[in-house]
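Engineer: Have a look; sequence and predicted model below, questions after that.
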Amino acid sequence: MIYVHSLGRALRFYPGRTALARDGRLLTFRELHSRVEGTAATLTSHGFGVGDRLALLLPNGPDYIELIYACSMLGVITVPLNTRLSAKEIDGVLEDARPHGIIRHSSLAVPGAQLKWQHVIDKQPLPISSDPVPNIFYDPEAVLGLIYTSGTTGQPKGVMVTHGNILADVHNFNYWMRYTEGGIYLHAAPIFHIADFPSMFAAPAFGACQITIPKFSAQTFCETVEREHECCPFSDTNVQFRIKKHLFLYRSSALSGSVSEHLAICRRWKLSCRSTNEWISLGPNSKHRNVVVRRLLSRQ
């Protein structure tokens, strides 16, 4: 269902606009839709259908996004796995989720659980099939993703996220992030996390292009956004803290400059949270600002 209101909508209204950065080039929404159809056909050939589960153990990247879209097209339930988990922890999640198969990356932990099908995508790219695909799945109450919690106070627990849930998130995202046609969304947070997962569907709905960084680091984030200029990332409190720390401690190359220039960059990148706004509102000789700087330096 969500595919119709996301990439399906982009295909109708923005077919020639850039949709996704992949392998050094920009795909249009028309090209991306074609790749997703081919990926969906490939998954179908491996026995995936409505209600089946596909585990994904991947770093952020265009493959991840295309696979999620393909699953939403087929009615397949995705199980995004936390890339920070150990092999033993991943096995625990797989035992609970019982997916039909897994697509993983060789740089991440190798699960010991035996599944019916698995594919290591960086060793052998998933083929793009030319076979016909079933009609686009449409059921707002169906589960789109089984997203496991962090397990901070216990073992990770699967949370069922429906197609309708994500459609509501698309509306909410645009309310406070203001996606724009032709804009750029940066996947800085991990896609497996519920904080970033819905953004994959929000960006196409409004004609925005998506770019990814495999793993967050403040320096990579800053360099990416500086290169892409106007860019809308999602970042939680921890990510924002690391970005600010980087901006103030590592002033080099394109990021060198005064504190006021760095704050201007923060504003342009829309890192809008209470702490950033408070920081910007403080004067250059503020006693509180000096205390914060000392705290930042002490955490190196």
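Structural biologist: In hand now; what should we look at? If you're wondering where the values come from, they're calculated on a predicted model, not measured in any experiment.
Engineer: At which residues are the helices of the stretch 51-200 of the chain located?
Structural biologist: 62-74, 87-97, 163-177, 199-205 (DSSP state H, counting those that start in this stretch).
Engineer: and the longest one, what does it pack onto?
Structural biologist: Counting contacts by 3 or more CB pairs under 8 Å, 6 or more residues apart in numbering; DSSP states H and E, the secondary-structure elements packed against helix 163-177 are helix 2-5, strand 143-148, helix 199-205. C-betas here are computed from N, CA, C, even on glycine.
Engineer: What is the helix or strand following the longest one packed up against?
Structural biologist: The one in question is helix 199-205. Helices and strands here follow DSSP states H and E; after helix 199-205, the next one along the chain is strand 209-212. Contacts defined by 3+ CB pairs under 8 Å, 6+ apart place strand 209-212 against strand 18-22, helix 62-74, strand 184-187, helix 199-205.
Engineer: before we move on, back to that, looking at the helices of the stretch 51-200 of the chain, which is nearest to residue 108?
Structural biologist: Of all those, helix 87-97 sits nearest to residue 108, with 8.6 Å by CB to CB.
Engineer: what sits up against that closest one?
Structural biologist: Outside helix 87-97, the residues within contact range by CB atoms under 8 Å, 6 or more residues apart in numbering are 53, 55, 57, 79, 81-82, 85, 102, 109-113, 115, 146, 148, 151, 155-156, 158.
Engineer: which of these are buried?
Structural biologist: The neighbour-count test (16 or more other CB atoms under 10 Å) marks 53, 55, 57, 79, 81-82, 85, 102, 109, 111, 113, 146, 148, 156, 158 as buried among the contacts of helix 87-97.
Engineer: Go through those residues and say which is closest to residue 135.
Structural biologist: Nearest to residue 135 among those, counting by CB to CB, is residue 53 at 20.7 Å.
Engineer: hang on, isn't the closest one packed against residue 103?
Structural biologist: No - using CB atoms under 8 Å, residue 53 is not in contact with residue 103, being 12.0 Å away.
Engineer: still on that earlier bit, of all the helices and strands packed on helix 163-177, which lies closest to residue 22?
Structural biologist: helix 199-205 (14.0 Å).
Engineer: Flag every buried residue along the closest one.
Structural biologist: 199-205.
Engineer: again, but for stretch 22-37
Structural biologist: Neighbour counts over stretch 22-37 (16+ other CB under 10 Å) mark 22, 27-29, 31-33, 35-37 as buried.
Engineer: Could you provide those in TSV, with additional columns for pLDDT?
Structural biologist: Formatted as TSV, the buried residues of stretch 22-37 follow (pLDDT from 0 to 100):
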residue	pLDDT
22	94
27	97
28	97
29	98
31	98
32	98
33	97
35	97
36	98
37	97
